[in-house]
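Undergrad: Compute the structure for the input listed below.
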Amino acid sequence: MADAQVLQSRLDQAESALHELLLGAKVVEVSYADRTVKYTRSKESDLRQYINELKRQLGQRTPRRSRTVNF
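TA: Predicted coordinates for the structure are as follows:
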């Protein structure tokens with residue numbers, strides 16, 4: 001596992017990419033280690049999962065998914 005400084009840097013980059021995507025960018029790129037991943041609006045949930053995984057690794061709380069109630 002990467003150290004906290006590296007994880008925080010990756011988190012900052014991913015959150016910035018999500019912000020750009022939400023502001024209308026067609027494609028955003030997130031790089032880590034030797035890999036670059038491109039996200040489009042249709043892959044926003046994948047980017048959010050990556051952000052939540054980084055937060056978990058840093059010991060930060062992540063939002064819980066709401067439970068669906070079916071009647």
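Undergrad: Identify the residue nearest the residue positioned nearest the centre of the chain in space, chain neighbours excluded?
TA: The chain has Ile51 as the residue nearest its centroid, 2.6 Å off, counting by Cα atoms, centre = their mean. Of all residues beyond its chain neighbours, the one nearest Ile51 is Ala14 (4.9 Å), with distances taken as Cβ to Cβ, 6 or more residues apart in numbering. Where you see a C-beta, it was placed from the backbone N, CA and C, and this is true even at glycine.
Undergrad: Just the residues contacting stretch 33-41, thanks.
TA: Contacts to stretch 33-41, defined as Cβ atoms under 8 Å, 6 or more residues apart in numbering, come from residues Ala17, Leu21, Lys26, Val27, Val28, Glu29, Val30, Ser31, Asp46, Leu47, Tyr50.
Undergrad: Could you tell me which of these are located in strands?
TA: Val27, Val28, Glu29, Val30, Ser31 (DSSP state E).
Undergrad: any chance of those residues in JSON lines, plus neighbour count, distance to Ser9 and pLDDT?
TA: Below are those laid out as JSON lines (neighbours: other Cβ atoms under 10 Å; distance: Cβ to Cβ, whole Å; pLDDT from 0 to 100):
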{"residue": "Val27", "neighbour count": "12", "distance to Ser9": "21", "pLDDT": "91"}
{"residue": "Val28", "neighbour count": "22", "distance to Ser9": "16", "pLDDT": "93"}
{"residue": "Glu29", "neighbour count": "12", "distance to Ser9": "15", "pLDDT": "91"}
{"residue": "Val30", "neighbour count": "19", "distance to Ser9": "11", "pLDDT": "91"}
{"residue": "Ser31", "neighbour count": "11", "distance to Ser9": "11", "pLDDT": "88"}
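Undergrad: Quick check: the residue nearest to the centre of the chain touching Ser16?
TA: No: under the criterion of Cβ atoms under 8 Å, Ile51 lies out of contact with Ser16, with a separation of 10.5 Å.
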